[in-house]
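Asker: take a look and give me a structure for this.
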Amino acid sequence: DYQEDDEYVSMTSAELLDKLRDAWINERMAPELLNSQEELVECMIEQLDAMERNLKTGKRNPLVNGIHSLEMERVRFLITSYVRCRLRKIEKYVVDVLQQHRARGQHDPPLLSLAELEFAREFADGMENHLKSTIIKHLPTNLQNFDEAKELPKPNRDKYVFIRVNDQQDQVLIDDDETTDLHEGARYIVRYSFIASLLAEGSVSLT
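Answerer: Here you go, the predicted structure:
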């Protein structure tokens, strides 16, 4: 099975928050569902729990406590928004998402967490049953062979996106017949399909 590394364990709260914010922006800007960041989310939830315990047991200045409470609310918002964004994509592209999940190799990073996978399967089953009971059964026999993979929406992977380059990339294909160097720190507008692999490895971020 794919082995998640323990990079998050040694990170500070601020570094984890930066990672979570990047994951949230990437997920919101990407046309397709990105790899699961379940481990990062779980680390942030653990940080929240620790902060709540400290607020309850520690004796601090009320102003400091208020600042910490606001910070905790900001983290909760990011986590909730990130999870909701992923669930919306799963609902919209459920057939494509499950196909992508099944295509993953044993050592590939997971597209879905276990909870998301269960949700996707249940949603797909419910949608299929609904289509069969309300629409398909009323169609002529020759039209009842409904191919979900062809008929249901798929993400537009050729959508143009804004990227920020995190690591210098030389001679990157950015169009069917065009390559260019992507300079660290620079921003570009490119078609998503040409930088999807760079996004997955963290060499670029969406903005």
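Asker: show me the shaky parts of the chain.
Answerer: Within the chain, the stretches with pLDDT under 70 are 1-7, 9, 58-59, 135-151.
Asker: in this structure, spot the helix with the most residues.
Answerer: helix 62-92 (DSSP state H).
Asker: tell me the gap between it and the middle of its chain.
Answerer: 15 Å (CA atoms, centre = their mean, to the nearest Å).
Asker: next structured bit after that helix?
Answerer: helix 94-103 (DSSP states H and E).
Asker: what packs against that next one?
Answerer: helix 114-134, helix 148-151 (3 or more CB pairs under 8 Å, 6 or more residues apart in numbering; DSSP states H and E). All C-beta atoms are positioned from the backbone trio N, CA, C, and that covers glycine.
Asker: make TSV from those helices and add mean neighbour count to it.
Answerer: Shown next, in TSV, are these (neighbours: other CB atoms under 10 Å):
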stretch	mean neighbour count
helix 114-134	14
helix 148-151	10
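Asker: element containing the residue lying closest to Q37 once chain neighbours are set aside, please.
Answerer: Leaving aside its sequence neighbours, Q37 sits nearest to A23 (CB to CB, 6 or more residues apart in numbering; 4.6 Å). A23 belongs to helix 13-29 when assigned by DSSP H and E.
Asker: what of D181?
Answerer: Going by DSSP H and E, D181 is part of strand 178-182.
Asker: other SSEs contacting that strand?
Answerer: strand 169-175.
Asker: switch to 10 Å and redo it
Answerer: Using 3 or more CB pairs under 10 Å, 6 or more residues apart in numbering; DSSP states H and E, the elements in contact with strand 178-182 are strand 160-165, strand 169-175, strand 187-191, helix 192-201.
Asker: good, we can wrap up now.
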